[in-house]
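In: just the structure for this:
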Amino acid sequence: MKTQCRAEGQFGRREVSRRSLLAGGAALTAGALMTPRTSLAQPAERMRRVGWLSGTENVRPTLSDALRELGWIEGRNISFETRNAERQRERYAPMANDLVAAKVEIIIAVAPGAIRTAMQATSEIPIVMAWWGGPDLVEAGVIASYARPGGNVTGVDMLLSALDAKRLDVLHQAVPKATKIAVLIHGRQMFEPQMPAVREVARKAGLTLEMADTGDSASAYDGAFETIVRTQCQALLVMASPAFARDRKLIIERAARARVPAIYAAAWNAREGGLMSYGATALDLDRQVARQIDKILRGAKPGDLPVEQPSRYEMAINLATAKSLG
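Out: Next comes the predicted model:
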């Protein structure tokens, strides 16, 4: 019935004469001109200042989009104080202290190093993890529990250890003849928390792992891929990392040149020429982070907000790349 009434209303409007429309428009214009100017004024929205602490990237567009969906629009009612250490971990501490001195309302911290440094810098300003990628948060002493983290920290746990291990399993199923697998990392100490689960999958499948380390330099990819070729690795596991997300085009290009099938964390790698990916989507994860930020800006305490985990996963395969690799 509602559809029928709406159709009739639209039909009726089409039957109105052009003269009556013009007359109505003139009346509306006159009324608008007579309206006092003060009635058009809107109270300015309060600008909320949020800090961003990362070692490799600035505020992600997917996070900005997710916040916009919740009504937080950069430049209108939210602004970001961005601190990017650019892979120089010694810069974390002064940058975290800068954000505390700037009196931001929330610190969004990306990756374990930034999160732990932010925790050392403040026990009062809420910290939202975007995203934690290390060991169990309770065992690591970051939170009291996932349901009630306590303190000033909440956010999203990416389950990197479990997902990196799953990616190795998926890669083994896709390339079953590959028995020597390269693992791309940047710093052994940084990735060690994720490795036990990966090594266990390798042990059960009878695989040999070869660590290909780019260190802290983006220019070291050539050396890492020279290691992959020299040691005759037959496939490549690209560990989940914001640095590898940023440098994905370079990695995809090097993998194609080395003719080594590779698996990545995010689907954009497969869309851009990588063989395959498996993991949570960046937009879904950032929507979870945005919800945490939104709740805190509206008065919730971070210690009362459960730490979230990925709720959806996707697998992507680039068929053209698969065909080129045989």
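
In: what residue is smack in the middle of this protein?
Out: Ala282 (4.5 Å; CA atoms, centre = their mean).

In: skipping adjacent residues, who's closest to that residue in space?
Out: Distances taken as CB to CB, 6 or more residues apart in numbering place Thr62 nearest to Ala282, at 5.0 Å, with adjacent residues excluded. In this view, the C-beta of every residue, glycine as well, is placed from N, C-alpha and C.

In: tell me the secondary structure for that neighbour?
Out: What DSSP: H, G, I helix; E, B strand; the rest coil gives for Thr62 is helix.

In: same check on Val156?
Out: When classified by three-state DSSP, Val156 comes out as strand.

In: quickly list what it is bridged to.
Out: Counting by DSSP bridges, Val156 is bridged to Ala130, Glu308.

In: ok, it - how many residues close by?
Out: Using other CB atoms under 10 Å, Val156 has 24 other residues around it.

In: go on, Pro61?
Out: So Pro61, with other CB under 10 Å, has 11 neighbours.

In: same thing with Gly150?
Out: Counted by other CB under 10 Å, the residues lying close to Gly150 total 13.

In: hang on, isn't Asn318 packed against Leu275?
Out: Yes. Using CB atoms under 8 Å, Asn318 is in contact with Leu275, at 6.0 Å.

In: between these two, who's got more neighbours?
Out: Leu275 (28 against 20).

In: what's the pLDDT at the more buried one?
Out: Leu275 carries a pLDDT value of 97.

In: residue ranges with poor pLDDT in this protein?
Out: Along the chain, segments meeting pLDDT under 70 span 1-44, 134, 216-219.

In: contacts for stretch 138-145, please.
Out: Here stretch 138-145 makes contact (CB atoms under 8 Å, 6 or more residues apart in numbering) with 115-116, 119, 129, 132, 134, 137, 146, 149-151, 153-154, 307.

In: show the buried residues in those residues.
Out: 115-116, 119, 129, 132, 134, 137, 149, 151, 153-154, 307 (16 or more other CB atoms under 10 Å).

In: for Ala85, which non-adjacent residue is spatially closest?
Out: Of all residues not flanking Ala85 in the chain, Arg91 sits nearest, at 4.1 Å (CB to CB, 6+ apart).

In: cheers, nothing more for now.
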